[in-house]
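Peer 1: Build me a structure from this.
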Amino acid sequence: MKKRTTASEAFRAKLVELTGGKHGSKRELADAIGVTPAIVYGWFKGKTQPGLDALVAIARHYSITVDSLLGTPVTDETVSRKAQRKSYGDGIRFASDALADMAERLARISERYYGTGE
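Peer 2: Numbers count the residues shown, from 1 in each chain. I've put the predicted structure just below:
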């Protein structure tokens with residue numbers, strides 16, 4: 001049975017691929033994203049893992065997605081699911097906005113017919 005690659009392992013492998021494994025590239029990466037070379041070295045050795053902000057900075061530096069950086073490339077199926085969730089979320093926001101609008105109208109009508117209660 002094939003061992004499944006962890007996100008940490010995938011990250012290290014992608015980092016080596018992106019930098020070409022060169023020491024100078026590690027320093028350049030550190031300078032580009034605002035961390036010390038020691039921090040980047042720790043990522044290469046698997047002693048430490050980057051936080052979310054560092055992952056985003058690395059992905060931006062190399063013009064790739066964080067998903068790709070962690071070994072989970074975005075597929076057409078993933079994009080489709082994201083589009084469905086966005087569409088569903090948009091529908092919920094639309095319904096919520098419509099309900100809020102109706103509530104405001106009902107409040108104005110109620111105020112007009114029954115007064116403000118003073």
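
Peer 1: got a list of what L29 touches?
Peer 2: T19, V40, I58, H61 (Cβ atoms under 8 Å, 6 or more residues apart in numbering). For glycine as for every other residue, the C-beta is placed from the backbone atoms N, C-alpha and C.

Peer 1: ok, now with 10 Å
Peer 2: 15, 18-19, 35, 37, 39-40, 43-44, 57-58, 61-62 (Cβ atoms under 10 Å, 6 or more residues apart in numbering).

Peer 1: From Y113, how far off is it?
Peer 2: 68 Å (Cβ to Cβ, to the nearest Å).

Peer 1: domain parsing for this structure?
Peer 2: Each domain of the chain is listed here as a residue range: 7-69, 75-118, per automatic domain parsing.

Peer 1: Which of these comes out lowest on mean pLDDT?
Peer 2: Ranked by mean pLDDT, these end with domain 75-118 at the bottom, a mean of 68.

Peer 1: which outside residues touch stretch 51-60?
Peer 2: 11, 14-15, 18, 29, 32-35, 39-40, 43, 49-50, 64-70.

Peer 1: The same query, at a cut-off of 8 Å, please.
Peer 2: 15, 29, 32-35, 39, 50, 65-66, 68-70.

Peer 1: Could I get the buried residue list for that stretch?
Peer 2: A54, L55, A57, I58, A59 (16 or more other Cβ atoms under 10 Å).

Peer 1: Please apply the same query to stretch 25-39.
Peer 2: K26, L29, A30, I33, V35, I39.

Peer 1: In helices only, show me the residues you listed.
Peer 2: K26, L29, A30, I33, I39 (DSSP state H).

Peer 1: biggest separation within the residues you listed, which pair?
Peer 2: Within those, K26 and I33 form the most distant pair, 11.2 Å apart (Cβ to Cβ).

Peer 1: Please work out which of the domains of the chain is packed deepest.
Peer 2: domain 7-69 (a mean of 15; mean count of other Cβ atoms under 10 Å).

Peer 1: gap between the two ends of that domain?
Peer 2: For domain 7-69, the first-to-last residue distance is 9 Å (Cα to Cα, to the nearest Å).
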